[in-house]
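Trainee: requesting a structural model of the entry that follows:
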Amino acid sequence: MEDSKWMRAMHWVGQRLLAAFWSLLAGLVILYGNGESDLVTLVLYSNKLNRVFITIALINSVINAALFLYMYIWLDAINKVEDPLNASPWCIPTGAVTIVVAELSYMLGLWPMFGFLSPLIVIVVSYGFIMSFHFIPTLGLLGNPIKRGESRYVPKSHED
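Mentor: Numbers count the residues shown, from 1 in each chain. Below is the predicted model of the structure:
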């Protein structure tokens, strides 16, 4: 029994260290940008980037964020829907399409300035953004596996 608690604790710490690494790396990439300006300023104001693809990427990112808020804030937290994934099955494919279009558009939009580094920059920033969610309290929205012993979105048959 003690070993499983120890292993769970080590797994939890390992996940947080990995998330911290990717979040820090993404922050450094955003802060460094092209060496003269940070990445956010470049994306919003630089004329050296392909503005059409940057605009497409930003629109798809906003749509994806709206889908996330709809699923986990509106359906789960406010309306207390038991299973928001089944209540709105159209959200998953729509979110998948918008995130793929956004990622490809960011790569093509950054290409004129960063060239072959564009895919690497987009992947690092995206992965760091996703990993940063490890440090945001869920307030019960996505379940708290440490507190309750299980997540309501993970079937018991998949637990170790």
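
Trainee: now for the lengthiest helix in the chain, which elements pack on it?
Mentor: If you go by DSSP state H, the chain has its longest helix at helix 2-32. The elements that helix 2-32 packs onto, with contact taken as 3 or more CB pairs under 8 Å, 6 or more residues apart in numbering; DSSP states H and E, are helix 39-45, helix 117-131. Backbone N, C-alpha and C define where each C-beta goes, glycine included.

Trainee: if you average pLDDT over each of these, which is lowest?
Mentor: Sorting the helices and strands packed on helix 2-32 by mean pLDDT places helix 39-45 lowest, at a mean of 90.

Trainee: tell me the pLDDT at residue 149?
Mentor: The model reports residue 149 with a pLDDT of 45.

Trainee: revised request: answer the last question for residue 6.
Mentor: pLDDT recorded at residue 6 is 85.

Trainee: cool, the one 5 residues further on as well?
Mentor: According to the prediction, residue 11 has pLDDT 87.

Trainee: what's the spacing between it and residue 130?
Mentor: 18 Å (CB to CB, to the nearest Å).

Trainee: cool, residue 106 as well?
Mentor: Counting by CB to CB, the separation of residue 106 from residue 130 is 14 Å.

Trainee: who has more neighbours, the two?
Mentor: Between residue 106 and residue 130, residue 106 has the larger neighbour count (other CB atoms under 10 Å), namely 26 against 13.

Trainee: you'd agree the more buried one is up against residue 56?
Mentor: No - if you go by CB atoms under 8 Å, residue 106 and residue 56 don't touch, sitting 9.1 Å apart.

Trainee: which residues of this protein score low on pLDDT?
Mentor: 1-2, 138-160 (pLDDT under 70).

Trainee: of all residues in it, which one is nearest the centre?
Mentor: residue 130 (2.6 Å; CA atoms, centre = their mean).

Trainee: how much space between residue 125 and residue 25?
Mentor: According to CB to CB, residue 125 and residue 25 sit 9 Å apart.
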